[in-house]
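>>> with the sequence up front, the predicted model follows.
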There are 6 protein chains.
Amino acid sequence: MVEETIHKVVKELSTTESYRAVYRSAKKGVTMPSIDALEEIMTYLRRILFPGYFAHSEVTPDTMHYYIGANVDKVVRLLSEQVHRGFCFPCQDEGDSACEECVNDAQELTLQFIARLPVIRRLLATDALAAYQGDPAAKNVGETIFCYPSLRALTHHRIAHELYKMGAPLIPRIISERAHSETGIDIHPGAEIGDHFFIDHGTGVVVGETCIIGHHVRLYQGVTLGAKSFPLDKDGKPVKGIARHPIIGDNVTIYAGATVLGRVTIGAGSVIGGNLWVTGDVPPNSRISQGEFRTTPLQDGAGI
Amino acid sequence: MVEETIHKVVKELSTTESYRAVYRSAKKGVTMPSIDALEEIMTYLRRILFPGYFAHSEVTPDTMHYYIGANVDKVVRLLSEQVHRGFCFPCQDEGDSACEECVNDAQELTLQFIARLPVIRRLLATDALAAYQGDPAAKNVGETIFCYPSLRALTHHRIAHELYKMGAPLIPRIISERAHSETGIDIHPGAEIGDHFFIDHGTGVVVGETCIIGHHVRLYQGVTLGAKSFPLDKDGKPVKGIARHPIIGDNVTIYAGATVLGRVTIGAGSVIGGNLWVTGDVPPNSRISQGEFRTTPLQDGAGI
Amino acid sequence: MVEETIHKVVKELSTTESYRAVYRSAKKGVTMPSIDALEEIMTYLRRILFPGYFAHSEVTPDTMHYYIGANVDKVVRLLSEQVHRGFCFPCQDEGDSACEECVNDAQELTLQFIARLPVIRRLLATDALAAYQGDPAAKNVGETIFCYPSLRALTHHRIAHELYKMGAPLIPRIISERAHSETGIDIHPGAEIGDHFFIDHGTGVVVGETCIIGHHVRLYQGVTLGAKSFPLDKDGKPVKGIARHPIIGDNVTIYAGATVLGRVTIGAGSVIGGNLWVTGDVPPNSRISQGEFRTTPLQDGAGI
Amino acid sequence: MVEETIHKVVKELSTTESYRAVYRSAKKGVTMPSIDALEEIMTYLRRILFPGYFAHSEVTPDTMHYYIGANVDKVVRLLSEQVHRGFCFPCQDEGDSACEECVNDAQELTLQFIARLPVIRRLLATDALAAYQGDPAAKNVGETIFCYPSLRALTHHRIAHELYKMGAPLIPRIISERAHSETGIDIHPGAEIGDHFFIDHGTGVVVGETCIIGHHVRLYQGVTLGAKSFPLDKDGKPVKGIARHPIIGDNVTIYAGATVLGRVTIGAGSVIGGNLWVTGDVPPNSRISQGEFRTTPLQDGAGI
Amino acid sequence: MVEETIHKVVKELSTTESYRAVYRSAKKGVTMPSIDALEEIMTYLRRILFPGYFAHSEVTPDTMHYYIGANVDKVVRLLSEQVHRGFCFPCQDEGDSACEECVNDAQELTLQFIARLPVIRRLLATDALAAYQGDPAAKNVGETIFCYPSLRALTHHRIAHELYKMGAPLIPRIISERAHSETGIDIHPGAEIGDHFFIDHGTGVVVGETCIIGHHVRLYQGVTLGAKSFPLDKDGKPVKGIARHPIIGDNVTIYAGATVLGRVTIGAGSVIGGNLWVTGDVPPNSRISQGEFRTTPLQDGAGI
Amino acid sequence: MVEETIHKVVKELSTTESYRAVYRSAKKGVTMPSIDALEEIMTYLRRILFPGYFAHSEVTPDTMHYYIGANVDKVVRLLSEQVHRGFCFPCQDEGDSACEECVNDAQELTLQFIARLPVIRRLLATDALAAYQGDPAAKNVGETIFCYPSLRALTHHRIAHELYKMGAPLIPRIISERAHSETGIDIHPGAEIGDHFFIDHGTGVVVGETCIIGHHVRLYQGVTLGAKSFPLDKDGKPVKGIARHPIIGDNVTIYAGATVLGRVTIGAGSVIGGNLWVTGDVPPNSRISQGEFRTTPLQDGAGI
């Protein structure tokens, strides 16, 4: 009886109509990107970017280049492979001609990415400073590098964003989702974010694909920088790639739970109060807030 | 002095009054369900449901039944054991008679569950399509299967829900909590959810035990489908099992941060704006939204 | 060409101006605290606090003291080491004299902490009861201990809070962030929390450093107990350590998404409705709520 | 073509005539003994027997009983299970009646075994002393406990031997083979070995099932204490359980590569030279040796 | 001073003259064969060959083909890759043309190998029987499959031998060395071995590359079937591939420590005594043995 | 009853008289050397010595110094710690004064060791060449580096020998025993071995502490270079450190199973036949061998 049930369900699950929509066939033998390999790559990148924090605490200025060199070399090997798999993932090409080219493109893209590491580090150093200055509970900058979700999420984002700009498919998204899962901060790899960025607490923050965020911006938990409704094409599919998320000016602060939707502009220096719902432009240096609570008596026995 | 402190605290922690309320004694030698085993089971189920995505990328239509067969067989063995442990967890029976029966029940329940896998797959295929159609940033359906939190959470939910309906104690909850931890999406195993369901971003979403959700529904991050206050029995314990969560019609969209509470009905085709607070019925095809922000000037130096 | 790029970027990343702000040099050879060791410590502590739940399910009252004894002894060894690393983390001292003292202080602090375990267990037992009584979906107390995020987060918090009060740097924060990552519940180790505390669902909850929370308090997902703007010192750094978060009285319930900011007091027995924004004191036994939704028709085609 | 080959070979390997002789069907759902579990058990036993050497180096006389208690309790649980599986391994019984009894027998046997641990430790302490006294290269007794193959092999043997005497099937053999693989020393669990036993270097040593070895015996690498030819029964199967290996008296030393075969007796105090071939009794206090080499010139160009 | 030493030695180790003789450059980016992957492959092969012994003990005749199918498919993927790396290992080709061909050759060779699995299983079944019949201590055939070094070594050998015959470089050797390390039995993959082969105890056995061994042969520990001196070519390198090891007839038994050297023939049915040194042909059905020991008194105080 | 037995045995095992001889108390809190750390160190050393073989196959001459640099730095950190633990292992000092010194000594010793790596590599390169030239079955030098037990054992030995000469306690022995366990080759760290050394097959080879072996020496499996009996001091302990093992001249070959005992000299260019027993000096260029077998008929039915 056990075996019968098993055979029956296996047979059913192996029919074309059952698996068609959820089956992924390896194009030309290239397997799926590896989540584990990308985790390993992120580990090496974190060690490169923040020497002495995430491994080999005893690294000295004098021996640092050995570790950075070995880790950069490993990242080049590992990431080229994953970027290549990312290229293959959506590939519809049935012929063989383009494959070698893809391998080369993946390596070249990876080298371009590597060349951006000093810039990425520079930005993250400003983010660490912003976290320290933005949180009275922070005792020193190092603490924010070592254990703040903001820095964790931004390390993933600034890496994913570079790969996104260079046109790597899928890989940036996987890197972002990893940070999302760990921190509850969901920044799309496409979002452009200036220096000195800080997200306090962070759980529930959403930053959309076409956001443009200035320098010295601070967000609190639960802030959404999202899209309003989006147009569908004639097949009913969403039109992709339209600028549909907010532009946030320099020195803006947005408090917990606020929602800013659509291609609106929050002018520089503005402060957006918590739980607000903003769907229009806000002029520079505005301060907008929700009214205080009303002491409406609740009906008896109703709870909320 | 070290040893003294250790002995003292060990002695105190080993007294009946200290451990009574937090100690779990193994009934008849049956140990706690294993989180690790359940993770392993979920891994096999993901491989069964989405061939080629989560392992063995090279699987072909021709060899697929081997992998599905082996994985289904493993799930039967492993899950039966865990379901049995789940049965034992709340067991108050002091005698021995029912134990053998429990083992058989666990196996039978597991076989029933296995038989539902084709249906679960069919539903998840519609969820993947809904994710693709609902997110302009999605490049293809495969991407949503491979790395969207919505699909991850729904895979867990649709599995947990079947087990919940069949009466398996504890196990469905553990499966759900695992998805909750990874994605920030908290769907109670009891919730009934139609096809083509999509949760964008997802962090902070809560879907309560007695929710009934139609087809083609879309939720955004931070949406709560919760209960209002619940009645207590004469011992002050909450009365269990009362229908207390919303009913959501087909083709409803609920935007970020909205809260719908109580056994209310959101009529089919409605759109609920972000951050809204809904505690009454909404007629079909309604569109309700929060007002725009007010530009109240903040007091100087007060931030928010 | 590959090697050239690698050499160039390694050289750049190894310059003082590149790494200065993000490099951590090991003071006197003491390495960074180990996240893995702290996870291991938390595992032992969970086994000590809840015998039979998280390992060795077969433990009996009769053999319990062996397991508790061995685990307490391991915690003393492992935690002393980590607390010592925490002392070293922000250390600016260039001389050698204080080091031995730090080692002793770390051990003494750890012993003090160990002595608090019975109290911690007693509080967590009340939290488990509160979870069971506060959630109609909970079948028994054991289920809340084994798989509720509330208990997971509070186990971390009550441990971190003791270490925080004893003056251990960094370590409490790491322990809290771990729970934050797993549950989406972000409780600062400094927060004082009474017994019978329950957080339902939990994702997005933020409890600030100087919060004082009474007994029998219940929070729902997305609740923020935060600070309003904070003063900066003359160097533009936030002034640390000011009481800036709410005081919550006994028997208060705060529903999903509500935000309470600043050193305000929510009087005992009050109920704060969901999504509310509270920045002033609330008298005891108040019940405040948001108004119901308005059925404003949306403009056609605008979605939200 | 790939799939064809796979299908063909799978089909062939799944025929009864192909798998019959090499297939093991789980009797009543009881799986094979677990090599990994037995390794884990050996780890716990080593920690029990030699406190401070193989884990928890900081154990003090004062906290020792916690560790020993917890480890003994774990061994009881784990080993009972493995002993039970060992009982099932050769079981031909098709009915159900004996199973419960087997479980009980396994537990009882395990408790008997546990009760022998003090004796096992006492013997191993003499073995460590013998190793130190027998090897001029040994600097102290602790070194022989921590890294000598002799102690490793004897720890396995003295444990396996107790289980063998109590009638546990299969498990003792697995434990012995593990030591054999690690050290090249192959002692059958049946062999009776007195105190102060030392095997120097050890690779290639074979000690047969029915050997009886006195006290203060020393063997060198490559020594065989084996059987001569053994009688077959009328089915051509070897007759099992006949005393067929040597008896070695107290204070005997046998040098490298010597072979002693059959139920012969090497009298107490004897010294057997290296590479010797002994198939008869040797009186007490004998010293037998091979003659010196002969300088026979080799033929030119022939090597050996 | 530390850094100086490090820099100096790193510099020295990075000079061409230092690393030249011990550096392996990856030809065309193909890395070294992976020991870990080969271990994994051996694990799958063991599960295929002996269903129910080494994993999934609950496998039934009815579900067996799923497991065998999935495992065979995995072996095809994994082994093709390793065989390809083996082809690249000694490759001197500087051009690109042959690479694609190598990939195809590796896959084809692997498929040929797979097709031989039924034959390999059939031989191993006879080896298990021989072990049972050859060892009075063996209680049943299953015990020899599960834990006898003879079966472990022969499983490796019979697999390695097939790969060797098909011309796979390096891989067979790695597989053999793995068994050598675990069992002390060193059989060169080139050796041809008939059915019903048994090696008792096994440590120290050496079977050379060009050995030909008949059916029903039994060896004991320490037996060498080796080569006499081998000719060098004009560059002083050993001439490869000459038949230089013994031919052993059917039903031969060779006792512990015996050494048979050169292309000699041991006639069928012969018995070679332990520790013997044989460098000439032995006629069928011979029984040769070493003389008994001589009781030469040792000089006083001399030991051996 | 279970608990009673456990308590009884735990109590007995925790008495001073039971554990005294087998308990190791951590001197000044310094724990036992870590076998795992030493394995990790050996892994790094193998990567340093043989670039491209054991990890990072893609390493190029151009990036090699990064990997070597990082690995050397890691070895310095890790090995200093282990050497220090080795110093503490036999320490009888009850005061505190010497500890700091020990830490410094350990670091200095480690730096001296590191400085020897180029020499160690040079010797191992000659050993690889010797293996290739000494084994007709070897296809190229790389194969001997990658998978020959001879190279594995010599890598361990040449490292252990340097540490031994520098006076590191215990650590060299652990390193040697690890090779012994993997290869069956037991070379004491004290043995001095010239270049171009090769051990074919290797299982059962023993090379004693005070051996001196010349250049271009070749041993086969089962060869012992051991001590005759050793003198005891007035306490009955073996007198340590006496030259008691053979001196082997250049270009000597010793065939399988031969035993050379005592401080004898085998003259350069000699060939020692298999299974021989040598306890006296052998003049240069000798060729000594065992006589051929005798065809003594065995008694009927006796086997051997």
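That came through, no problem.

>>> against chain D, how distant is whichever residue of the stretch 51-200 of chain A sits closest to chain E?
The nearest approach of the stretch 51-200 of chain A to chain E comes at residue A:62, 4.3 Å away (C-beta to the nearest C-beta). For the C-beta atoms, the positions are set from N, CA and C on the backbone; glycine is no exception. Distance, residue A:62 to chain D, by C-beta to the nearest C-beta, to the nearest Å: 33 Å.

>>> residue A:31 now?
16 Å.

>>> again, but for residue A:183
Distance, residue A:183 to chain D, by C-beta to the nearest C-beta: 35 Å.

>>> what's the burial count for residue A:167?
12 (other C-beta atoms under 10 Å in any protein chain shown).

>>> run through chain A and note the low-pLDDT ranges.
Scanning chain A for pLDDT under 70 picks out A:93-98, A:236, A:290-304.

>>> can you list the domains in it?
Domain assignment of chain A by automatic domain parsing yields the ranges A:27-185, A:191-291.

>>> what sits against residue A:243?
A:210, A:263 (C-beta atoms under 8 Å, 6 or more residues apart in numbering or on different chains).

>>> please confirm that it is located within a strand.
No - applying DSSP: H, G, I helix; E, B strand; the rest coil, one finds residue A:243 to be coil, outside a strand.

>>> picking up where we left off before, list the contacts for the residue of the stretch 51-200 of chain A closest to chain E?
Applying C-beta under 8 Å, 6+ apart, the residues contacting residue A:62 are E:3, E:7.

>>> what of residue A:143?
A:132, C:89, C:90, C:170, C:173.

>>> which one (most neighbours) among these?
Of the contacts of residue A:143, with other C-beta under 10 Å as the count, residue C:173 tops at 26 neighbours.

>>> residues touching the closest residue to it other than its chain neighbours, list them.
Once flanking residues are discounted, residue C:173 sits nearest to residue A:147: 5.7 Å by C-beta to C-beta, 6 or more residues apart in numbering or on different chains. Going by C-beta under 8 Å, 6+ apart, residue A:147 touches C:170, C:173, C:174, C:177.

>>> cross those against helices and list the overlap.
For the contacts of residue A:147, membership in helices holds for C:173, C:174, C:177, with DSSP state H as the criterion.

>>> and the gap between the residue most central in space within chain A and residue A:209?
The residue lying closest to the centre of chain A (C-alpha atoms, centre = their mean) is residue A:176, at 3.2 Å. Distance, residue A:176 to residue A:209, by C-beta to C-beta, to the nearest Å: 10 Å.

>>> and for those two, which residues touch both?
Counting by C-beta under 8 Å, 6+ apart, the residues touching both residue A:176 and residue A:209 are A:188, A:189.

>>> for the residue of the stretch 101-250 of chain A found nearest chain C, give its distance to chain E.
As assessed by C-beta to the nearest C-beta, chain C sits closest to residue A:229 within the stretch 101-250 of chain A, at 2.3 Å. Look at residue A:229 and chain E: by C-beta to the nearest C-beta, they are 46 Å apart.

>>> settle this for me: residue A:90 is touching residue B:146, isn't it.
No - taking contacts as C-beta atoms under 8 Å, residue A:90 lies outside contact range of residue B:146: 11.0 Å.

>>> what is in contact with these two at once?
Common contact partners of residue A:90 and residue B:146 (C-beta under 8 Å, 6+ apart): residue A:170.

>>> all the helices of chain A, residue numbers only.
So, for chain A - with DSSP H - the helices run A:2-13, A:16-19, A:35-49, A:64-88, A:98-115, A:117-134, A:141-147, A:149-165, A:171-183.

>>> angle of the fourth one against helix A:98-115?
It stands for helix A:64-88. If you take axes from the mean of the first three to the mean of the last three C-alpha atoms, to 10 degrees, helix A:64-88 sits at 140 degrees to helix A:98-115.

>>> hmm, helix A:64-88 touching chain B?
No - in terms of C-beta under 8 Å from any C-beta of the partner chain, no part of helix A:64-88 sits within range of chain B; the closest distance is 9.2 Å.

>>> before we move on, back to that, how about the residue of the stretch 101-250 of chain A closest to chain C, phi and psi?
phi -60, psi 150 (degrees, to the nearest 10).

>>> how many neighbours does it have?
That count, for residue A:229 with other C-beta under 10 Å as the rule, works out to 17.

>>> repeat for residue A:108
By other C-beta under 10 Å, neighbour count at residue A:108 equals 16.
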